[in-house]
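Q: Could you look at this predicted model? Sequence included:
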Amino acid sequence: MTIIIDQPDFVEVVEKKVDAEQENELVLDGGFVVPESNSFGHTFRDYDAESDRKDGVENFYRINHINQTYDFVKKMREEYSRLNRVQMSIWECCELLNDVVDESDPDLDEPQIEHLLQTAEAIRKDYPNEDWMHLTALIHDLGKVLLLPSFGELPQWAVVGDTFPVGCAFDESIVHHKYFKENPDYYNPAYNTKYGVYSEGCGLENVMMSWGHDDYMYLVAKENKTTLPSAGLFVIRYHSFYALHRSDAYKYLMNEEDIENLKWLKIFNKYDLYSKSKVRIDVEKVKPYYLSLIEKYFPAKLNW
Ligand SMILES: O[C@H]1[C@H](O)[C@@H](O)[C@H](O)[C@@H](O)[C@H]1O
Ligand SMILES: [Fe+2]
Ligand SMILES: [Fe+2]
């Protein structure tokens, strides 16, 4: 059995069938083995597969699509740019994430810290010299702390799930697109055309994305003056933007720098998605390595 995975147009990414004993798996990036199914036995990101999680995930997207409006996002960005809630280190935040459950994810019901380490360790194996990618992977979902009381205890629909631009038409490729019909922006002529409030090649940094853990963590990293390269910040900020990195929608909003950074995002996504498994990482064993990266790229305490 083979599964079809969108091919990123990046030379280093290759997929090939492996030998008979691993016949259910695909090799990616010259080492990473892409499992055929998630821990529930379904193909990844199958939002229609019958499972215990299906209805909950669909209901999540219904509420998400109804409420993520241009005005809502604007308010949230203003509110959270103040970063006046908590002071803590990156590692402290990783530990906090253990208390978080993500209701949007059909592929994962493990504690979030497992997912962070599984993603980071998988990338580290295949890209040993790109330490900034290891750290990017470790922190990419930290913004999910928005669900916790000291960060405003936002509802799931305002924190997790795939993201998409607001202020222009919602692309058909977005998961459960039909629920946008209940979003007021869907009927607003200022926001419901191809470009909406944007223009061709304006650059994603000028586009407002639905509010959630991606944009929040990007703000935290940037405002606390991380020295991660621009590709790392891009990965954090757009890793849930599946319409772009999976379906090639909204490409006309990108500028040159976005096009470059998208190559890394496509690589990152394979690890973010397919490393979700029941294989546990020994946290204490890998902790010193990640602490050294945190020290290299971040201040000891950050404002959140
Ligand atoms: O359900 C998942 C989960 O919330 C991830 O953290 C996010 O990045 C994905 O885009 C989403 O599909
Ligand atoms: Fe995420
Ligand atoms: Fe993730």
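A: On my side now, so go ahead. Ligands and ions are numbered 1, 2, ... in the order given.

Q: rest of the way, CA atoms for contacts and neighbours
A: OK.

Q: So what touches the longest helix anywhere in the chain?
A: The residue-count maximum for a helix in the chain (DSSP state H) belongs to helix 256-274. For helix 256-274, the external contacting residues (C-alpha atoms under 8 Å, 6 or more residues apart in numbering) are 8-10, 13, 34-35, 38, 44, 119, 122-123, 137, 203-204, 230-231, 234-235, 238-239, 245-246.

Q: Buried subset of the residues you listed as a PyMOL selection?
A: Only the buried entries of those go into this PyMOL selection, using 16 or more other C-alpha atoms under 10 Å:
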select buried, resi 8+34+35+38+44+119+122+123+137+203+204+231+234+235+238+239+245
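
Q: among the contacts of helix 256-274, which are within reach of ligand 1?
A: Filtering the contacts of helix 256-274 for proximity to ligand 1 by C-alpha under 6 Å from any ligand atom leaves residue 239.

Q: Strands - which of the contacts of helix 256-274 land there?
A: residue 34 (DSSP state E).

Q: circling back to that earlier point, only the buried residues of the next helix or strand after the longest helix of the chain, if you could.
A: Using DSSP states H and E, the helix or strand that follows helix 256-274 towards the C-terminus is helix 283-297. Neighbour counts over helix 283-297 (16+ other C-alpha under 10 Å) mark 290, 294, 296, 297 as buried.

Q: for the last one, what are its contacts?
A: Right, residue 297. By C-alpha under 8 Å, 6+ apart, residue 297 lies in contact with 226, 227, 228.

Q: now the nearest residue to it once chain neighbours are set aside: how far from residue 53?
A: Distances taken as C-alpha to C-alpha, 6 or more residues apart in numbering place residue 227 nearest to residue 297, at 5.0 Å, with adjacent residues excluded. Residue 227 sits 39 Å away from residue 53, taking C-alpha to C-alpha, to the nearest Å as the criterion.

Q: higher neighbour count, these two?
A: Shown here are residue 227 and residue 53; by other C-alpha atoms under 10 Å, residue 53 has more neighbours (18 against 15).

Q: Skip the chain neighbours and tell me the closest residue to that one.
A: residue 106 (6.2 Å).

Q: So the residue nearest to residue 297 sits against residue 298, correct?
A: Yes: Residue 227 is within contact range of residue 298, at 6.8 Å (criterion: C-alpha atoms under 8 Å).
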